[in-house]
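# build me a model from this:
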Amino acid sequence: MSATARPAAQRPRGGVVRLGLVQSACSPSREHNVEQALAGIAAVAGRGAQVVCLQELFAGEYPCQSEDHANFAAAESVPGPLTERLAAAAREHGVVLVGSVFERRSAGLFHNTAVVFETDGSTAGVYRKMHIPDDPHYYEKFYFAPGDTGFMSVPTGRLAVGPLVCWDQWYPEAARLTAMAGAEALFYPTAIGWLDGEESLHREQYESWDTMLRSHAIANGVFVVAVNRTGREGPLRFWGASVVYAPNGEQVAKAAHDTPDTLVCDCDLDRIEWSRTRWPFFRDRRIDAFGGLLDRWGR
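Here you go, the predicted structure:
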């Protein structure tokens, strides 16, 4: 189903939604990684979670630390075997589920893709990561084409989901356009960590990331959810710290840095209206003066 097939206005606004976050450490065993994700979904659903988010590319170790053609073998079509297992989990537990997959769209064309499943297991929306990094041990441009879905809000029976992925976290334009599409919560499946040899920067890097997430919540009056992986993979130590922020910037929940974790927290959607009427950033936007954002750099 298209992400724009049902207007978000059909779902009554307000009320409390319980979110579940599944933060894992991945191993070389794909089956182990998938099974632990499914177990995490079951665990948070058992604690009442209604909307569940997994980390970026949860089915395997992060593949982009090197440029290796063999890693393309891990990609699957959407729909495909992996998304079928996610759909079955959403249906079994009656949850909305955000899952991140290495998508094989066609021969030689791959994406880093977030799929949103409804509580009955149907596909509510598909988002392809728009911003693709290329940094030491994050060689994603070798693997992924930039997304062509645009920024979207996916209406579900629980809330309007704004799917984004990892590197998208650093772009205020992405958060703003997703919120403007009607999203009540921005969901960022993530794989970010510290690189050996950069220990002097570790605190600065983590705090910058965390500050950006909080700022998106405040600037857009939405909930922000980031689910990061943890554990060591080669010279990368993923810093975990999955987090939920409320529309006023309050930290609702935070996971451990160095261990797998599951979080469940309640999000009162009425806080969106409360925040936006007290900090009316959307009212005061000078859309007549923002044309320069379409340029690569200032004129």
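# what about R203, neighbour count?
Per other C-beta atoms under 10 Å, the neighbour tally for R203 reads 10. C-beta: built from backbone N, CA, C; applies to glycine.
# please read the previous query as pertaining to P28.
P28, neighbours per other C-beta under 10 Å, totals 9.
# hmm, E61 and it touching each other?
Yes - the criterion here is C-beta atoms under 8 Å, and P28 meets it with E61 at 6.2 Å.
# remind me which helix or strand E103 belongs to.
Per DSSP states H and E: E103 is located in strand 96-106.
# how far off centre is that strand?
Its chain's C-alpha centre and that of strand 96-106 lie 11 Å apart, by C-alpha atoms, centre = their mean, to the nearest Å.
# next: stretch 167-183.
In terms of C-alpha atoms, centre = their mean, the centre of stretch 167-183 is found 11 Å from the chain centre.
# and stretch 268-284, by the same measure?
Chain-centre distance of stretch 268-284: 22 Å, with C-alpha atoms, centre = their mean.
# endpoints of that stretch, how far apart?
25 Å (C-alpha to C-alpha, to the nearest Å).
# what residues of that stretch count as buried?
By neighbour count on 16 or more other C-beta atoms under 10 Å, the buried set for stretch 268-284 is L269, R271, I272, S275, R276, W279.
# so which of those are in strands?
Judged by DSSP state E, strands contain none of the buried residues of stretch 268-284.
# now do the spatially most central residue of the chain against G221, distance only.
Note on the chain: the residue nearest the mean C-alpha position is Y188, at 2.0 Å, using C-alpha atoms, centre = their mean. Distance, Y188 to G221, using C-beta to C-beta, to the nearest Å: 17 Å.
# would you map the helices across the stretch 1-150 of the chain?
Along the stretch 1-150 of the chain, counting by DSSP state H, counting those that start in this stretch, helices occupy 30-46, 81-93.
# tabulate the ones you listed (CSV), appending mean pLDDT and distance to W239.
What follows is these, written out as CSV (pLDDT from 0 to 100; distance: least, C-beta to C-beta, whole Å):
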stretch, mean pLDDT, distance to W239
helix 30-46, 98, 18
helix 81-93, 98, 25
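# go through these and name the closest to E56.
Minimum separation from E56 across the helices of the stretch 1-150 of the chain (C-beta to C-beta) falls at helix 30-46, 11.8 Å.
# the closest one packs against which elements?
strand 16-23, strand 51-54, helix 81-93, strand 261-268 (3 or more C-beta pairs under 8 Å, 6 or more residues apart in numbering; DSSP states H and E).
# average pLDDT across the shortest one?
Which is strand 51-54. For strand 51-54, mean pLDDT is 98.
# deepest in the core, which of the helices and strands packed on helix 30-46 is it.
Of all these, strand 51-54 carries the top mean neighbour count, a mean of 29, counting by mean count of other C-beta atoms under 10 Å.
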